[in-house]
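Q: Give me coordinates for this.
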Amino acid sequence: MRVERDLRRVIGDGESLPDGEVEGLDDADLLELYRQLVLLRTYDERSLVYHRQGRIGTYAIFWNHEAMQVGAVYALSDDDWIFPSYRESAIGLLRGMPAATVLSWWRGHPAGWWNPADYNVASICVPIGTHVPHAAGLAWGKKLRGESACAVAFFGDGATSEGSFHEGANFAGVLKAPLVLFCNNNQWAISTPLELQTAAETLADKAVGYGIPAARVDGADVLAVYEATREAVARARAGEGPTFIEAVTYRAAPHATADDPSVYIDPARVEEERRRECVGRFEGYLRRRGLLPDELREQVTGEAAQLMREAIAAAEAEPDPDPELVFAHAYAAPPASFDHDLAELRRVLADG
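A: Here you go, the predicted model:
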């Protein structure tokens, strides 16, 4: 572990900055982290292609955010809960969720919904920050039951400007809920830069008002993220309450496929950040340790690509959903007008 410029880092640059190590991680762990990084990277890159082909809907890109997701989840146990935002839409893959399920979610198909209890992964949260109180409540419930599980809520820097974040943080702080508040600070809330979101020096400073300790890490360093999250989880299990982690990176891709960042972002900065993206940095780390020969790299990337080919085929093979699902679970006692509305919807779809 090394703290530099107020950011925790482990991975060096292969030149002037030496590599560090994380106690408790062996070579097998490092290679598993790499496989998971490649899996998420492949999912993201293929999903962007599928969107361009019209095979999924609007898509929230998480390119160069993989280290935050993989590093944090690797520090959890299977009993711990994950509350993702849309930027972590594929995080369930790290818990064994089929990629076809997540692809179906982006296709707007009912097959894209899952029972959260099957993976201890809550539904993908699109409204900004509204899942933070939910995560705090679940974590508090675990504490009341005497269980050792904790929860982690992922959210972006923009969410720290939302009331739901502050309500959830205050709740967790007062009740010492076993919660990790994981902030992906990519320095953009769509087109709003960080300096126009807050007057605080860092987002980690926001935790102080709720009596919550905070850590700042390099969000493109999967080992630093893992180490910081592991410490936060240990605090939670020991009954010491929540921790706020600010993982600092830079959004080197559009906010989503509907976004045109060219009107507000510095292309030179984007290119600089793309050269130090998280998967390539970890590949360099593994190569310097002699753990990633070309054959293994090709094998890992090939397996991830094949998984995605099979996943899109499975998602597209799903039968068309019954339109009645739009109405079936809206009310306990549906109004009489629903019968007419459903019949009209069926007519419109048939004509289309």
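Q: can we go C-alpha only for contacts and neighbour counts from here?
A: Will do.
Q: can you give me the strands in the protein?
A: Counting by DSSP state E, the chain has strands at residues 2-4, 7-9, 81-83, 151-156, 179-185, 188-189, 192-193, 214-218, 243-248.
Q: what ranges do the helices span in the stretch 51-200 of the chain?
A: All helices of the stretch 51-200 of the chain, identified by DSSP state H, counting those that start in this stretch, fall at 66-74, 99-106, 116-119, 131-144, 163-175.
Q: now for the strands of the chain, which one comes closest to residue 318?
A: With Cα to Cα as the measure, strand 81-83 is the member of the strands of the chain nearest residue 318 (26.4 Å).
Q: For the closest one, what is the distance to the chain centroid?
A: Centre-to-centre, strand 81-83 and its host chain are 10 Å apart (Cα atoms, centre = their mean, to the nearest Å).
Q: elements contacting that strand?
A: helix 131-144, strand 151-156 (3 or more Cα pairs under 8 Å, 6 or more residues apart in numbering; DSSP states H and E).
Q: Which one, of the ones you listed, ends up nearest to residue 45?
A: strand 151-156 (20.4 Å).
Q: ok now that closest one, how far from the chain's centre?
A: So, by Cα atoms, centre = their mean, the centroid of strand 151-156 is 8 Å from its chain's centroid.
Q: returning to that earlier point: what's the most buried one of the helices of the stretch 51-200 of the chain?
A: Most buried of those by mean neighbour count (mean count of other Cα atoms under 10 Å) is helix 66-74; its value is a mean of 26.
Q: Need the contact partners of it.
A: In this structure, residues lying in contact with helix 66-74 by Cα atoms under 8 Å, 6 or more residues apart in numbering are 33, 36-37, 40-41, 88, 91, 94, 184, 219-227, 229-230, 247, 278-279.
Q: got it, and stretch 146-157?
A: So stretch 146-157 is contacted by 77, 79-85, 87-88, 128-129, 131-132, 135-136, 138-139, 142-143, 178-189, 194, 203, 233, 236-237 (Cα under 8 Å, 6+ apart).
Q: ok, now stretch 300-312?
A: 35, 38-39, 42-43, 46, 98-100, 103.
Q: do that again at 7 Å, thanks
A: Outside stretch 300-312, the residues that touch it by Cα atoms under 7 Å, 6 or more residues apart in numbering are 35, 38-39, 42-43, 99-100, 103.
Q: For these, work out which two are farthest apart.
A: Pairwise over the contacts of stretch 300-312, using Cα to Cα, the maximum falls at 35 and 103, 19.7 Å.
Q: if I look at the nearest residue to residue 175 once chain neighbours are set aside, how far off is residue 204?
A: Using Cα to Cα, 6 or more residues apart in numbering and skipping the chain neighbours, the partner closest in space to residue 175 is residue 140 (7.2 Å). Distance of residue 140 to residue 204, computed by Cα to Cα, to the nearest Å: 22 Å.
Q: Next: residue 90.
A: 26 Å.
Q: Can you pick out the residue with more neighbours from those two?
A: residue 90 (24 against 20; other Cα atoms under 10 Å).
Q: Tell me which residues touch the more buried one, please.
A: With Cα under 7 Å, 6+ apart, residue 90 has these contacts: residue 102.
Q: Tell me, please, where in this protein the pLDDT is lower than the cut-off.
A: Within the chain, the ranges that satisfy pLDDT under 70 run 1-5, 352.
Q: Geometrically speaking, which residue is the centre of it?
A: residue 88 (2.6 Å; Cα atoms, centre = their mean).
Q: What distance do you get for residue 215 to residue 8?
A: 8 Å.
Q: Please apply the same query to residue 25.
A: 17 Å.
Q: higher neighbour count, the two?
A: Taking neighbours as other Cα under 10 Å, residue 25 and residue 8 compare with residue 8 leading, 23 against 11.
Q: Setting aside sequence neighbours, what's the nearest residue to that one?
A: residue 217 (4.4 Å).
Q: Bridged to the one you found, which residues?
A: Beta-bridge pairing for residue 217 (DSSP bridges): residue 8, residue 247.
Q: I figured it hits residue 247, correct?
A: Yes - counting by Cα atoms under 7 Å, residue 217 touches residue 247, with 4.9 Å between them.
Q: Show residues contacting stretch 185-200.
A: So stretch 185-200 is contacted by 156-158, 161, 246-251, 255, 264 (Cα under 7 Å, 6+ apart).
Q: Just the buried residues of the residues you listed.
A: Buried members of the contacts of stretch 185-200, counted by 16 or more other Cα atoms under 10 Å: 156-158, 161, 246-251, 255.
Q: Out of the residues you listed, which comes closest to residue 53?
A: So of the buried ones among the contacts of stretch 185-200, ranked by how close each gets to residue 53 (Cα to Cα), first place is residue 255, at 18.8 Å.
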